[in-house]
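*Asks:* requesting a structural model of the entry that follows:
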Amino acid sequence: MTQRTDDGYSPPIESRTDLLSVFEAGEKPQDDWRIGTEHEKFVYRRDDHRAPSYDEPGGIRDLLIGLTQFGWKPVRENGKIIALSGQDGTISLEPAGQFELSGAALRNLHQTCSEAARHLGQCKMIGDKLGLGFLGTGMWPDKTRSELPVMPKGRYAVMLNYMPKVGSLGLDMMLRTCTIQTNLDYSSEADMVKKFRVGLALQPVATALFANSPFTEGKPNGYKSFRSHIWEDTDPDRTGMLPFVFEDGFGYERYCDYALDVPMYFVYRDGKYIDVAGESFRNFLEGKLPQVPGEKPRLTDWTDHLSTAFPEVRLKSFLEMRGADGGRWSRICALPALWVGLLYETQALDAAWELVRHWTIDQREKLRHEVPKLALDAVTPDGETMRDFSARVLDVAAGGLTRRAELNSAGDNEGGFLDPLRDVVATGMTPADRLLARYHGEWNGDVSHIYEEFSF
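*Replies:* Residues are numbered from 1 along each chain as shown. I've put the predicted structure just below:
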């Protein structure tokens with residue numbers, strides 16, 4: 001989740017123009033488009049697979065402190081280190097100590113993959129000293145909620161209190177899941193709209209190819225991506241496929257209205273999070289929040305609020321692709337490869353839109369609902385298996401990456417980063433299928449083997 005690293009001055013919001021300016025500020029010429037990749041992983045004690053708390057010796061705090069030797073700068077909240085900032089972006093903590101790298105804005109996927117490798121190498125070096133390991137899956141395979149710690153971040157206290165009021169799985173989302181996300185640029189409002197529509201319609205492809213959360217509390221849960229299913233019962237006011245994105249006239253104004261209608265979580269003042277969960281940002285604009293009477297929002301309040309909407313694709317000053325489970329190193333590179341190939345090259349973007357433009361709202365919703373359980377066996381609105389459809393999508397993405405012609409020192413383009421996804425399609429085996437095969441085979445029903453075989 002978005003981590004504040006600056007509590008400096010922010011101008012007051014004086015008009016709707018100020019709200020829209022956040023989206024307009026994201027417009028960049030194609031030469032300035034960049035790739036931002038975020039990935040989360042679970043931290044565990046190697047000796048007993050327990051999730052470490054923040055304060056315990058060798059726990060999450062000590063992991064953060066240890067990483068400062070690589071030049072990372074501490075970010076504090078109420079005197080506690082809760083994040084790090086550096087040349088490779090920001091390291092932050094999810095609610096139960098899931099460790100996230102929000103990477104820097106980079107030009108190509110070669111740089112993205114180097115960044116991920118550098119970060120994981122640093123984590124492993126400090127983890128070895130502290131007896132900590134790192135697991136790349138979409139959901140804790142064996143932990144109950146009660147077994148998990150809570151990190152000392154004010155926004156999480158607000159959310160943990162509010163989530164059970166609006167859905168039955170929101171606490172699981174916060175405490176028990178990990179994801180990989182990709183953040184991408186746009187050149188204009190029209191370009192944003194097309195990328196948003198293609199991204200939303202094709203999120204089920206990413207969910208299927210990256211499905212990696214088949215276990216809950218040590219047993220198969222009946223899903224390939226239970227993490228994706230969790231979002232269906234987290235909070236209907238701030239999640240989902242956003243049908244209005246496909247309506248005529250969609251643009252910054254319509255997304256602004258949607259965001260204004262998303263209930264608030266908090267107001268951040270003087271280093272503290274004030275609980276205003278369920279209140280209206282529209283009332284905040286008028287100074288009518290009972291918790292902060294007379295107080296009106298600053299621009300940072302709006303950007304904070306935009307980070308509390310969780311649709312499958314999210315607009316801020318860039319577009320976030322949010323449909324994939326967490327995974328191992330090669331998949332951290334593969335997700336941005338998929339979306340950059342589809343969205344950052346004109347011919348590929350046009351071809352991707354042709355694949356999905358005729359799907360109806362109900363058809364998109366049906367596919368979104370079926371993929372978490374069925375993954376590659378789900379059927380698209382055109383009667384095609386997700387496996388076969390994904391192969392066509394990957395061909396489009398590969399063509400886009402080839403035409404981008406971003407080469408490394410060996411002369412290779414970015415297409416090789418799609419290889420793990422090509423393997424999924426060729427074998428018909430998602431990461432979840434491979435985990436389930438081991439569980440029912442050589443693991444003999446003991447999911448604890450995952451820590452030895454699937455850690456970073």
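*Asks:* hey, let's count contacts and neighbours off CA atoms from now on
*Replies:* Fine.
*Asks:* skipping adjacent residues, who's closest to Leu109 in space?
*Replies:* Spatial nearest neighbour of Leu109, excluding adjacent residues (C-alpha to C-alpha, 6 or more residues apart in numbering): Glu414 at 6.2 Å.
*Asks:* make sure that neighbour is actually in contact with Leu401.
*Replies:* Yes: contact criterion C-alpha atoms under 8 Å: Glu414 and Leu401 qualify, at 5.8 Å.
*Asks:* which ones are touching the residue nearest to Pro220 when sequence neighbours are not counted?
*Replies:* Using C-alpha to C-alpha, 6+ apart and skipping the chain neighbours, the partner closest in space to Pro220 is Pro214 (5.6 Å). Residues in contact with Pro214 (C-alpha atoms under 8 Å, 6 or more residues apart in numbering) are Pro141, Pro220, Asn221, Gly222, Tyr223, Lys224, Ser225, Phe226, Ala432, Leu435, Leu436.
*Asks:* recalculate using a threshold of 6 Å.
*Replies:* Taking C-alpha atoms under 6 Å, 6 or more residues apart in numbering as the contact definition, Pro214 lies against Pro220, Asn221, Tyr223, Lys224, Ala432.
*Asks:* what about the helices in the stretch 101-250 of the chain?
*Replies:* 109-130, 154-162, 170-176, 189-209, 226-230 (DSSP state H, counting those that start in this stretch).
*Asks:* that older thread, quick check: the residue nearest to Leu109 vs Ala351, distance?
*Replies:* Remark: distance between Glu414 and Ala351 (C-alpha to C-alpha, to the nearest Å) = 19 Å.
*Asks:* neighbour-wise, which of the two wins?
*Replies:* Glu414 (25 against 17; other C-alpha atoms under 10 Å).
*Asks:* pLDDT wise, what is the nearest residue to Leu200 once chain neighbours are set aside at?
*Replies:* Spatially, and ignoring its direct neighbours in sequence, Leu200 is nearest to Val313 (5.9 Å; C-alpha to C-alpha, 6+ apart). Val313 is assigned a pLDDT of 98 by the prediction.
*Asks:* what does Gly8 give?
*Replies:* 71.
*Asks:* tally of neighbours for it?
*Replies:* Neighbourhood size, Gly8 [other C-alpha under 10 Å]: 7.
*Asks:* quick check: it vs Gly428, distance?
*Replies:* 51 Å.
*Asks:* residue boundaries of the helices in the stretch 251-400 of the chain?
*Replies:* Using DSSP H, counting those that start in this stretch, helices in the stretch 251-400 of the chain cover 252-261, 281-285, 299-306, 329-343, 346-356, 361-374, 386-404.
*Asks:* ok, the spatially most central residue of the chain to Phe196 distance?
*Replies:* In the chain, the centroid-proximal residue (C-alpha atoms, centre = their mean) is Gln181; its distance is 3.8 Å. Going from Gln181 to Phe196 by C-alpha to C-alpha gives 15 Å.
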